[in-house]
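Q: 3D model of this:
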Amino acid sequence: MIRLAIFLALLAAQAQPPAAAPPATDAWPSYNGDMTGRRFSSLTKINDKNVKNLSLAWSYRVAAQNAGPIKATPLMLNGVMYLTAPDHVWAIDARTGREIWHFTNQSTGGIHLGNRGAGIKGDWLYTVTPDCHLISLNIKDGKERWRQKICNLDQFYYASAAPIIIGNHVIAGVSGDDLDVPGYVQSHDPETGKMQWRWYVVPMNAGEPGVESWPNLEAAQHGGGMTWQPVTYDPELNLLFVTTGNPQPVIAHVNRAGDNLYTASIVALNPDDGKMRWYFQSSPHDTHDWDATQTAVLIDGEFNGQPRKMIAQASRNGKFFVLDRTDGKALVSSEYVPTNWSLGFDAKGQPIPNPAKHPQIDGTLVNPNQGGATNWPPPSFSPATGLFYVSATSAYSVWYIYDAGKNPQGWGGTDRGGWSEYMLQAIDYKTGKVRWTHKWEGGGLSGLLSTAGNVLFSGDGSSGNFVALDATTGTPLWHAGLRTSVSNGPITYTLDGLQYVVVGAGDTLWAFVMNE
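A: Numbering: from 1, shown residues only. Got it, this is the predicted structure:
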């Protein structure tokens with residue numbers, strides 16, 4: 001009996017998911033650096049005292065047709081950097097910027113708005129293409145191993161999110177909200193590309209959970225909720241966190257009364273079967289194109305004197321949320337820019353939309369605008385400061401309905417802009433209060449990176465500078481002119497004892513180094 005008990009205990013221990021790995025220092029192996037979404041590095045060679053001495057190491061310009069600005073976060077493993085753009089993947093020497101190989105997808109169409117990056121498992125790289133394929137490449141030479149179709153071009157889907165690898169699952173989402181089609185996220189076998197499961201954001205069958213939040217099943221089946229940002233993951237809970245897009249029709253909304261679950265939500269799924277465990281809706285019945293696809297960031301810390309496993313999001317609608325990530329219950333609901341579209345928060349901590357601020361035929365003034373209080377550029381969270389950093393906008397615009405019929409399709413409305421202001425916001429996760437603000441002279445949002453050296457890296461809007469700030473106070477410490485706006489999220493790593501920081505601006509990747 002004793003031997004049997006020992007055997008069963010060992011078997012149970014082996015079945016437990018692995019503990020969360022600390023962020024790598026000699027690599028940047030996934031979109032956010034690790035599975036937490038924090039974009040925080042424990043490196044300290046570059047710090048608030050010496051960051052003024054950063055110097056340029058190299059630059060690499062993507063000379064590919066239709067590549068557009070670099071929106072992808074590059075990955076770095078074993079001295080090689082992997083960069084993506086729509087229909088393109090490059091391998092670059094992380095020490096010198098020398099190109100090693102270049103893969104080009106022979107596109108059959110799709111929307112080439114941007115590509116967020118790649119995922120890597122072993123010797124294989126995974127990325128998506130605008131023409132709706134998930135592809136696997138050999139990281140040594142860029143040769144294609146397989147490709148799998150993940151969406152339908154004829155329905156105006158396209159693919160742009162960086163795949164995230166969780167164990168034996170390659171997790172991929174979809175983009176596109178022009179033809180009132182359902183959003184979903186799916187898992188693929190990393191060896192063969194075969195689809196393992198698909199989870200639809202909106203109910204697809206009668207009797208499914210959430211169908212009661214739509215006027216009828218047909219409205220739900222065409223309800224949108226695109227999953228165009230990378231997921232995050234807690235290995236101890238074995239939960240992946242999907243952030244979902246806006247409902248459809250997008251602006252005109254008379255034919256979709258209800259909360260429209262599970263659009264504009266943070267949703268916890270089991271990565272092994274794709275089953276939903278809990279949800280929290282950041283924007284019930286969204287009417288302003290405020291998808292809630294912004295990164296859901298894992299925070300392990302103290303809350304009300306007790307250790308908690310939390311998850312936080314600065315949503316596009318201007319609201320900031322901290323949830324208990326074991327069950328999705330709200331701990332903090334606040335706003336990080338002034339908003340005027342809601343009537344407060346309900347008992348669940350979810351915003352209560354103000355019908356007077358829905359788009360109107362004769363217009364209504366709303367903050368934020370259609371771009372949102374933030375958008376796709378990734379935020380950062382520093383365990384060292386306890387601050388959640390987000391690139392933010394306070395912007396008023398007038399929202400109109402131009403399809404006043406009873407069954408609008410597509411968009412059926414839009415907004416026209418007015419005053420706007422761009423800034424960095426540092427939010428105390430325990431209270432939801434903005435601890436400090438740093439305003440920019442120009443417009444535009446940037447991806448962020450924080451480090452244990454008390455440095456926060458960001459772009460400064462349209463002024464074309466890469467900036468380092470004191471992560472505790474927001475005081476500027478250093479900047480470098482890049483000639484155009486920062487267009488992705490920065491990364492950092494060490495090679496040969498030197499710490500590098502790499503950022504994309506327009507069609508160029510810039511690498512800075514702290515020499516001894």
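Q: only C-alpha atoms from now on, for both contacts and neighbour counts.
A: Noted.
Q: how many residues are close by residue 106?
A: Applying other CA atoms under 10 Å, we find 10 residues neighbouring residue 106.
Q: please apply the same query to residue 405.
A: Neighbourhood size, residue 405 [other CA under 10 Å]: 12.
Q: look up how far residue 41 lies from the closest residue to residue 200 other than its chain neighbours.
A: Counting by CA to CA, 6 or more residues apart in numbering, residue 184 is the residue found nearest to residue 200 once chain neighbours are left out, at 4.2 Å. Going from residue 184 to residue 41 by CA to CA, to the nearest Å gives 31 Å.
Q: low pLDDT regions in the protein?
A: 1-23 (pLDDT under 70).
Q: check contacts around residue 107.
A: For residue 107, the contact set (CA atoms under 8 Å, 6 or more residues apart in numbering) comprises 87, 129, 130, 131.
Q: assess the claim that the third one and residue 106 are in contact.
A: Translated: residue 130. No. Residue 130 is beyond contact range of residue 106, at 10.6 Å (criterion: CA atoms under 8 Å).
Q: what about stretch 260-279, how long is it end to end?
A: 13 Å.
Q: buried residues, it. List them.
A: Neighbour counts over stretch 260-279 (16 or more other CA atoms under 10 Å) mark 260-269, 271-272, 274, 276, 278-279 as buried.
Q: quick one, phi psi at residue 463?
A: Phi and psi for residue 463, reported as degrees, to the nearest 10, are phi -80, psi -10.
Q: count of residues packed around the nearest residue to it once chain neighbours are set aside?
A: Excluding the flanking residues, the one nearest residue 463 by CA to CA, 6+ apart is residue 442, at 5.7 Å. Neighbour count for residue 442, taken as other CA under 10 Å: 16.
Q: surely residue 442 is in contact with residue 461?
A: Yes. With contact defined as CA under 8 Å, residue 442 and residue 461 form a contacting pair (5.2 Å).
Q: shared neighbours of these two, anything?
A: Here residue 442 and residue 461 share the contacting residues residue 422, scored by CA under 8 Å, 6+ apart.
Q: start and end of stretch 459-471, how far apart?
A: Where stretch 459-471 begins and where it ends lie 14 Å apart, using CA to CA.
Q: check stretch 450-465 too.
A: Distance across stretch 450-465, first residue to last, is 17 Å (CA to CA).
Q: all helices of the chain, in order?
A: 2-15, 217-221 (DSSP state H).
Q: and for the shortest one, what are the contacting residues?
A: With CA under 8 Å, 6+ apart as the contact definition, helix 217-221 has outside contacts at 181, 182, 202, 203, 204, 205, 206, 211, 214, 255, 256, 260.
Q: re earlier: between the buried residues of stretch 260-279, which is nearest residue 63?
A: Set against residue 63, the nearest of these by CA to CA is residue 264 (36.2 Å).
Q: what's the closest non-adjacent residue to that closest one?
A: With sequence-adjacent residues excluded and distances taken as CA to CA, 6+ apart, residue 264 is closest to residue 292, at 4.5 Å.
Q: would you agree the one you found is in contact with residue 318?
A: No. The criterion here is CA under 8 Å, and residue 292 misses it with residue 318 at 10.4 Å.
Q: please say which of those two ends up with more neighbours.
A: Neighbour count, other CA under 10 Å: between residue 292 and residue 318, residue 292 has more, with 31 against 25.
Q: okay, the more buried one and residue 62: tell me how far apart.
A: 31 Å.
Q: same thing with residue 337?
A: 36 Å.
Q: repeat that for residue 113.
A: Applying CA to CA to residue 113 and residue 62 gives a distance of 16 Å.
Q: picking that back up, pull up the overlap in contacts between residue 130 and residue 106.
A: The contact sets of residue 130 and residue 106 overlap at residue 87 (CA under 8 Å, 6+ apart).
Q: correct me, but residue 86 touches residue 112?
A: Yes. Assessed by CA under 8 Å, residue 86 is found in contact with residue 112 at 5.8 Å.
Q: joint contacts of those two?
A: Shared contacts of residue 86 and residue 112 (CA under 8 Å, 6+ apart): 66, 130.
Q: the two: who's more crowded?
A: residue 86 (32 against 18).
Q: nearest residue to the more buried one in space, please, no chain neighbours.
A: residue 115 (5.3 Å).
Q: now do the contacts for the closest residue to residue 71 other than its chain neighbours.
A: In this structure, residue 71 finds its nearest non-sequential neighbour in residue 488, 4.5 Å apart by CA to CA, 6+ apart. Contacts for residue 488 (CA under 8 Å, 6+ apart) come out as 70, 71, 72, 73, 377, 446, 447, 503, 504, 505.
Q: name whatever forms a beta bridge with the closest residue to residue 56 other than its chain neighbours.
A: Once flanking residues are discounted, residue 56 sits nearest to residue 512: 4.4 Å by CA to CA, 6+ apart. Applying DSSP bridges to residue 512 gives these bridge partners: residue 56, residue 501.
Q: what about residue 512, neighbour count?
A: Using other CA under 10 Å, residue 512 is surrounded by 18 other residues.
Q: make sure it is actually in contact with residue 53.
A: No. The criterion here is CA under 8 Å, and residue 512 misses it with residue 53 at 10.0 Å.
Q: what touches both of these two?
A: Joint contacts of residue 512 and residue 53 (CA under 8 Å, 6+ apart) do not exist.
Q: circling back: from residue 319, how far off is the residue nearest to residue 463?
A: Residue 442 sits 23 Å away from residue 319, going by CA to CA.
Q: equivalent analysis for residue 501, please.
A: Counting by CA to CA, the gap from residue 501 to residue 319 is 30 Å.
Q: now do residue 152
A: 33 Å.
Q: what does residue 404 give?
A: 29 Å.
Q: kindly report the same for residue 386.
A: Counting by CA to CA - residue 386 and residue 319 are separated by 18 Å.
Q: surely the residue nearest to residue 86 is in contact with residue 68?
A: No. With contact defined as CA under 8 Å, residue 115 does not reach residue 68; the gap is 9.6 Å.
Q: now do the shared contacts for the two.
A: Common contact partners of residue 115 and residue 68 (CA under 8 Å, 6+ apart): residue 85.
Q: so for the two, which residue has more residues nearby?
A: The residue with more neighbours, out of residue 115 and residue 68, is residue 115; 28 against 17, by other CA under 10 Å.
Q: residues in contact with residue 316?
A: So residue 316 contacts 290, 291, 292, 294, 371, 372, 373, 374, 375 (CA under 8 Å, 6+ apart).
Q: cool, residue 154 as well?
A: The contact partners of residue 154, by CA under 8 Å, 6+ apart, come to none.
Q: likewise residue 146?
A: 135, 136, 137, 192, 193.
Q: who's it bridged to?
A: residue 136.
Q: list the buried residues in stretch 65-84.
A: Neighbour counts over stretch 65-84 (16+ other CA under 10 Å) mark 67-77, 79-84 as buried.
Q: straight-line length of stretch 447-460, end to end?
A: Terminal residues of stretch 447-460 lie 10 Å apart, using CA to CA.
Q: understood, closing this out.
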